[in-house]
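Q: Any chance you could fold what I've pasted below:
(one chain, ligands or ions: 1)
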Amino acid sequence: MDNQTTKQRQVLALKYRPKRFEDLIGQDTISTTLALALDTNRLSHAYLLSGLRGSGKTSTARIMAKALVCENAPTSKPCEVCQGCNSANENRHLDIIEMDAASNRGIDDIKELIEHTKYKPTSAKYKVFIIDEVHMLTTQAFNALLKTLEEPPDFVKFILATTDPLKLPATILSRTQHFRFKRISNKNIIHHLSHILNIENIRYEEPALEILTRAGQGSLRDTLTLLDQAIIYSKSIITVATVTDMLGMIDPLFMDNLFDTILKKGDIRPIITSLENYEVGQVLDEIGIYLKQKMLLNDVKFDIYVFDRFFKILADSKHLLSMNSDGGFVLILTLSKMVEAVSLHTIDEVINQVQNNQIPNVETQQKEIIIEKKEEIQQQEPKIAVPSINSINEVQVIEETPKVVEQNDSQILFKKLIENIYNKSYELGECFEKSFTYSSYENNILKINSVAQGDCKILLYKNFVHIKIFVAEVFGDETELEFEKIQKEATKETAQIVQSSYNNPISSMIEDIELHEETPSSCVAGMSAMKKPNLSQVELNIDDVLNSKMVNRAIELFQPKNPPKIKSKL
Ligand SMILES: [Zn+2]
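A: So this is what the prediction gives:
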């Protein structure tokens, strides 16, 4: 009973410290090599063990020492029953001398140790010196140690351990056999934890162990310390909830919810509110870990390109944090950017489509975007819509006819031309697309049907040189342009419904005024002009408006005295 109580009190890291080479976790290569060296009696006089804290260096050094003081030494399987093994297991063997270089780093400490090497072992075949954190020794101490390390008496074995081998002088490194301890894999650690919990008869949820392991960052000792803490905190069963709570981490279910919201472009405000209690740096780290897991698991919810974007966003945010930006701001920015990133098309996707000769698709896609933009602009700023000078108030309804029509190369090029002009100037592109439709392209002559009028017509005149350059770029330098003026009727590309109702050329110039129920303004290219007149419209006297100075000035402006030569062609 007494024994049992003592056992329970002992921390797990000590209680389950490996006693044999085969008990070492995740360091198979090293334990195999050392075991072989012992069994074949090919021992070096000095070993250097380096690696992350808690990766098993000290345990290995002690097992090695026990293997050298056992009655059967040297052996890879110490008998565990002899006096030597027992003393070694209890850390009281006189021939195993452990020194912590972190607290005994001076030349005097090393001189004392060297003095010890001169005396034969008391009971064992070997005298083993374990120097932990050896990189902490002073330069003089290292120099003092060199000679002994190179040519110690036959019965002396050195085992040096360090977390930072790069700090060791080359002279030391060249006199030792160096074993580099790997970071223990999470899988190995989780397996070890579940093994211990099964022995201890403590219930647990597997994901809770994963979280503990992650928090231990590859150090078995640190993870076991956390497990000790979790056992106390959880009382009866170690759950994800208790572990995340204990570590101050974010519940994985919350993360699932967070990314569900982001991927659906939902409202992230409640999430930001609930993350207020966490440190933003930690939140970013956990998001990173979560995404890494999802990526490795090949989660179908996430597009592979989305991962790329998310990681870039996280990297940017961490950079911002490192510059002491406000945490709350960085968090909001990060999540907002992630929501935005979900819907972007990748460059690669577009390239792939082009490579697969799906140019029309790309064009259609872009066209859709353009049309959307158009509608937006028309809604927001009705003034941009083009008024007519030639005649009449008109309501233009632009209908996008479905693109089932077969498209030859020239038509595709014509679309490309429109796109290029849009890129140069949105306004010009819009006028071009509205006024010109493709007719034919033969013998380097591009025939275009034109319904150009009004402001658009003027804009197109002014930019005719640019248009020619664009045509040359797309169709080739030799290309000539021919325009054919056609009546405003429904064409293949664009159906324009023209309603003639008030026969005055300038009425449409008065953009802010809707004249009369029967004379819907042309300013609004949509149907909004058809609505009933309001009070201000009724009160206006139409003749006053038409004879006003402003209108007369506008007529002058839009009827240039010296029109450009190409006018006849347009
Ligand atoms: Zn033994």
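
Q: Tell me which residue in the stretch 301-450 of the chain sits closest to the ion.
A: Residue nearest to the ion within the stretch 301-450 of the chain: residue 318 (52.4 Å; C-beta to the ion). In this view, the C-beta of every residue, glycine as well, is placed from N, C-alpha and C.

Q: Can you check the pLDDT for that residue?
A: We have a pLDDT of 92 for residue 318.

Q: Now it: closest residue in space that isn't a chain neighbour?
A: Leaving aside its chain neighbours, residue 318 sits nearest to residue 284 (5.8 Å; criterion: C-beta to C-beta, 6 or more residues apart in numbering).

Q: what about the residue nearest the centre of the chain, is that helix, strand or coil?
A: Geometric centre of the chain, nearest residue: residue 311, 1.3 Å, by C-alpha atoms, centre = their mean. Assigned by DSSP: H, G, I helix; E, B strand; the rest coil, the conformation of residue 311 is helix.

Q: Return the residues in contact with residue 439.
A: By C-beta atoms under 8 Å, 6 or more residues apart in numbering, the contact set of residue 439 is 447-449, 484.

Q: Now the buried members of the residues you listed.
A: Among those, the ones that count as buried by 16 or more other C-beta atoms under 10 Å are 448-449.

Q: which ones among the contacts of residue 439 are found in helices?
A: Among these, DSSP state H puts none in helices.

Q: before we move on, back to that, looks to me like the residue of the stretch 301-450 of the chain closest to the ion is in a helix.
A: Yes: secondary structure of residue 318 (three-state DSSP): part of a helix.

Q: my guess is it contacts residue 287, does it?
A: No: using C-beta atoms under 8 Å, residue 318 makes no contact with residue 287, being 10.5 Å away.

Q: who has more neighbours, the two?
A: A side-by-side neighbour count of residue 318 and residue 287, using other C-beta atoms under 10 Å, places residue 287 first with 24 against 17.

Q: Just confirm the more buried one contacts residue 255, I think it does.
A: Yes: in this structure, residue 287 is within contact of residue 255 by C-beta under 8 Å, at 7.3 Å.

Q: so what's residue 145 up against?
A: 110, 113-114, 137, 172.

Q: Now do residue 125 against the ion, distance only.
A: The gap separating residue 125 from the ion is 11 Å, by C-beta to the ion, to the nearest Å.

Q: returning to that earlier point: distance of the residue nearest to residue 318 relative to the ion?
A: 52 Å.

Q: which SS class is that residue?
A: Per three-state DSSP, residue 284 ends up helix.

Q: quick revisit: return the residues in contact with the residue nearest to the centre of the chain.
A: Counted by C-beta under 8 Å, 6+ apart, residue 311 has contacts 288, 291.

Q: Need the nearest residue in space to residue 473, chain neighbours excluded.
A: With C-beta to C-beta, 6+ apart, the residue lying closest to residue 473 is residue 420, at 6.8 Å.

Q: near the ion, which residues of the protein?
A: Residues of the chain lying near the ion by C-beta under 5 Å from the ion: 70, 78-79, 82, 85.

Q: Just the strands from the chain, written as ranges.
A: All strands of the chain, identified by DSSP state E, fall at 46-51, 96-100, 127-132, 156-162, 177-181, 203-204, 237-238, 399-400, 436-442, 445-450, 480-485, 494-495.

Q: can you give me the mean pLDDT across the last one?
A: Looking at strand 494-495 alone, the average pLDDT works out to 44.

Q: Also the third one?
A: For strand 127-132, the mean per-residue pLDDT is 94.

Q: For the ion, what is the nearest residue in the stretch 451-570 of the chain?
A: Closest point on the stretch 451-570 of the chain to the ion, by C-beta to the ion, is residue 473, at 87.7 Å.

Q: That residue and residue 467, how far apart?
A: Separation of residue 473 from residue 467 (C-beta to C-beta, to the nearest Å) stands at 11 Å.

Q: of these two, who's got more company?
A: Each of residue 473 and residue 467 has its neighbours counted (other C-beta under 10 Å); residue 467 has more, 20 against 13.

Q: Touching stretch 268-280 from outside, list them.
A: 248, 250, 254, 257-258, 261-262, 283, 321, 327-328, 330-332, 335-336, 339.

Q: if we can go back for a sec, compare the contacts of residue 145 and tell me which is most surrounded.
A: Within the contacts of residue 145, most neighbours by other C-beta under 10 Å means residue 137, with 28 neighbours.

Q: That one contacts residue 105, correct?
A: Yes: using C-beta under 8 Å, residue 137 is in contact with residue 105, at 5.1 Å.

Q: so where's this protein uncertain?
A: 1-9, 344-350, 357-407, 488-570 (pLDDT under 70).

Q: repeat that with 50
A: 1-7, 381-405, 489-541, 563-570 (pLDDT under 50).

Q: Kindly state the domain boundaries assigned to it.
A: 2-181, 186-247, 252-342, 346-380, 389-397+497-561, 402-490 (automatic domain parsing).

Q: quick revisit: put together JSON lines for the residues of the chain next to the ion, with neighbour count on each row.
A: Below are the residues of the chain next to the ion laid out as JSON lines (neighbours: other C-beta atoms under 10 Å):
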{"residue": "70", "neighbour count": "24"}
{"residue": "78", "neighbour count": "27"}
{"residue": "79", "neighbour count": "14"}
{"residue": "82", "neighbour count": "16"}
{"residue": "85", "neighbour count": "21"}
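
Q: Widest-spaced pair of the residues you listed?
A: 78 and 82 (8.0 Å; C-beta to C-beta).

Q: where do the contact lists of the two overlap?
A: 70, 72.

Q: How many residues are close by the spatially closest residue to residue 210 that is not a sequence neighbour?
A: Of all residues not flanking residue 210 in the chain, residue 190 sits nearest, at 6.1 Å (C-beta to C-beta, 6+ apart). Neighbour count of residue 190, defined by other C-beta under 10 Å: 18.

Q: again, but for the one 4 residues further on
A: The number of residues packed around residue 194, counting by other C-beta under 10 Å, is 13.

Q: got the residue ranges for the helices in the stretch 1-150 of the chain?
A: Under the criterion DSSP state H, counting those that start in this stretch, the stretch 1-150 of the chain contains helices at 2-9, 12-15, 28-39, 57-69, 83-89, 107-117, 139-150.

Q: Pick the most deeply packed of the ones you listed.
A: helix 57-69 (a mean of 25; mean count of other C-beta atoms under 10 Å).

Q: now that helix, how far from the chain's geometric center?
A: 44 Å (C-alpha atoms, centre = their mean, to the nearest Å).

Q: on that earlier part again, any of the contacts of stretch 268-280 buried? List them.
A: Neighbour counting by 16+ other C-beta under 10 Å classes 250, 254, 258, 261-262, 283, 321, 327, 330-332, 335, 339 among the contacts of stretch 268-280 as buried.

Q: Tell me the one of the residues you listed nearest residue 220?
A: Proximity of those to residue 220 (C-beta to C-beta) peaks at residue 250, which lies at 24.4 Å.
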